[in-house]
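Peer 1: Give me coordinates for this.
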Amino acid sequence: MDLSQHDANSLGNPNNNLFGLPTDELDARLVVVPVPWEVTVSYSAGTARAADNIAKASLQVDLYDADYHDCWRQGFFMRDVDKKILLKSDYLRKEAELYIDYISNGDEVQKNNFMCRSLREINEGSNFLNNWVFGQTRELLEKGKLVGLLGGDHSTPFGYIKALGERYKNFGILQIDAHCDLRKQYEGFNYSHASIMYNVLEEIPAVNRLVQVGVRDYCDEEVNYIRSSNGKITTFFDKDIKHRQYEGDSWKNITEDIVASLPDHVYISFDIDGLDPKNCPNTGTPVFGGFEAEQVFYLFKKLADSGRKIIGFDLNEVGVGDNNWDANVGARVLYKLCNLLTSANL
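Peer 2: Predicted coordinates for the structure are as follows:
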């Protein structure tokens, strides 16, 4: 593999890896780990199959990035989707659908042995997934690789964040999301996509700050958790961002406030539903409002320019639609994140 000789102007070769790059895992600087898991999604499914669709769409991404020029020459590689994980997700997803339908009618789980067993199997499956992701990402980090995680639903990065927690004494998370994901359990699922940040804050001591941006769909429990966090959580609600802009404030000023809220080491957790849903119509739980991708990329650039160290990222909740639009947007977001992480670690 000699990326110095790769023609950046050529067509994306489907026989190559992510973004049409002739890379392998051994020589790549950055490795993307796909996690085909969506067991606990509470609305629309499809994200478990995002990675293959994004890989195909990535062949259409031009490699020139004015902000992070030629970072791809460091080598980006995406592992194959683990079909055993996908099959386990599909099986448990069917169990979860029956369970969610049961409890939505107000029936008591304790009175139904089948539902009790299903809930136990789902929670055991989530524990298995967390351990699998932890092992996969820890191994790559020990080899000196930069790591990006591609879901799946938003529960998928827990194991990766735990692995980073072994390497960094303290770091913060920049979360782009329509939701807080701060529920203590959800629908009885211990590691629900709606609980990822609650679980991270409760179980991974190295995460000492959470800065959420774009949130616009949340519950009383989550607001109370934020308020009782003693400043550990800072949430820039979509409504408040919009009100500042309506009254004449600039996105530049708002991004400066966001960046100032973050510590020296930052992990980025990007739920695609943080964007305006016209960019991701088939995401698991779309909510009107949100950002254009360029606004988020501007925030990332300001973060990088601040001198803070970006240590990893995940991209989640990219849906699967008939016209591949979600995958098209997801591929471009993924490319920006790969460039950003690589540039920050040159």
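Peer 1: C-alpha from now on. contacts and neighbour counts both.
Peer 2: Fine.
Peer 1: What segments of the stretch 1-150 of the chain are strands?
Peer 2: With strands called from DSSP state E, counting those that start in this stretch, the stretch 1-150 of the chain shows them at 30-35, 76-78, 146-151.
Peer 1: Residue 322 is nearest to which of these?
Peer 2: Nearest to residue 322, of all the strands of the stretch 1-150 of the chain, is strand 146-151, at 19.2 Å by Cα to Cα.
Peer 1: circling back: can you redo the strands of the stretch 1-150 of the chain as CSV, where the extra columns are distance to residue 22 and mean pLDDT?
Peer 2: Below are the strands of the stretch 1-150 of the chain laid out as CSV (distance: least, Cα to Cα, whole Å; pLDDT from 0 to 100):
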stretch, distance to residue 22, mean pLDDT
strand 30-35, 13, 98
strand 76-78, 9, 98
strand 146-151, 18, 98
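Peer 1: got a list of contacts for stretch 186-199?
Peer 2: 40-41, 100, 103, 119, 122-123, 126-127, 153-156, 158, 179-185 (Cα atoms under 8 Å, 6 or more residues apart in numbering).
Peer 1: When you filter those residues down to buried only, what's left?
Peer 2: When the contacts of stretch 186-199 are checked for burial by 16 or more other Cα atoms under 10 Å, the buried set is 40-41, 100, 119, 122-123, 126, 153-156, 158, 179-185.
Peer 1: picking up where we left off before, in a markdown table, list the strands of the stretch 1-150 of the chain along with distance to residue 8 and mean neighbour count.
Peer 2: Shown next, in a markdown table, are the strands of the stretch 1-150 of the chain (distance: least, Cα to Cα, whole Å; neighbours: other Cα atoms under 10 Å):
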| stretch | distance to residue 8 | mean neighbour count |
| --- | --- | --- |
| strand 30-35 | 18 | 26 |
| strand 76-78 | 14 | 26 |
| strand 146-151 | 22 | 26 |
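Peer 1: In JSON lines: these, plus distance to residue 333.
Peer 2: Output for the strands of the stretch 1-150 of the chain, formatted as JSON lines (distance: least, Cα to Cα, whole Å):
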{"stretch": "strand 30-35", "distance to residue 333": "13"}
{"stretch": "strand 76-78", "distance to residue 333": "14"}
{"stretch": "strand 146-151", "distance to residue 333": "11"}
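Peer 1: Which one of the ones you listed lies nearest to residue 21?
Peer 2: Here strand 76-78 is closest among the strands of the stretch 1-150 of the chain (Cα to Cα), at 7.4 Å.
Peer 1: And that closest one, what does it pack against?
Peer 2: The elements that strand 76-78 packs onto, with contact taken as 3 or more Cα pairs under 8 Å, 6 or more residues apart in numbering; DSSP states H and E, are strand 30-35.
Peer 1: Can you show me the CA trace of the strand it packs on as PDB?
Peer 2: These are the backbone C-alpha positions of strand 30-35, laid out as PDB (Å, rounded to 0.1, in the frame of the first residue of the first chain):
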ATOM      1  CA  LEU A  30      -7.300   5.200  11.400                       C
ATOM      2  CA  VAL A  31      -9.500   2.100  11.700                       C
ATOM      3  CA  VAL A  32     -13.300   2.400  11.600                       C
ATOM      4  CA  VAL A  33     -15.100  -0.300  13.500                       C
ATOM      5  CA  PRO A  34     -18.700  -1.000  12.300                       C
ATOM      6  CA  VAL A  35     -21.100  -2.100  15.000                       C
END
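Peer 1: Listing partners with orientation, what would you give for it?
Peer 2: strand 76-78 (parallel), strand 146-151 (parallel) (DSSP bridges).
Peer 1: Run the chain-centre distance for that strand.
Peer 2: Counting by Cα atoms, centre = their mean, to the nearest Å, strand 30-35 is centred 12 Å from the centre of its parent chain.
Peer 1: Sweet, I'm off.
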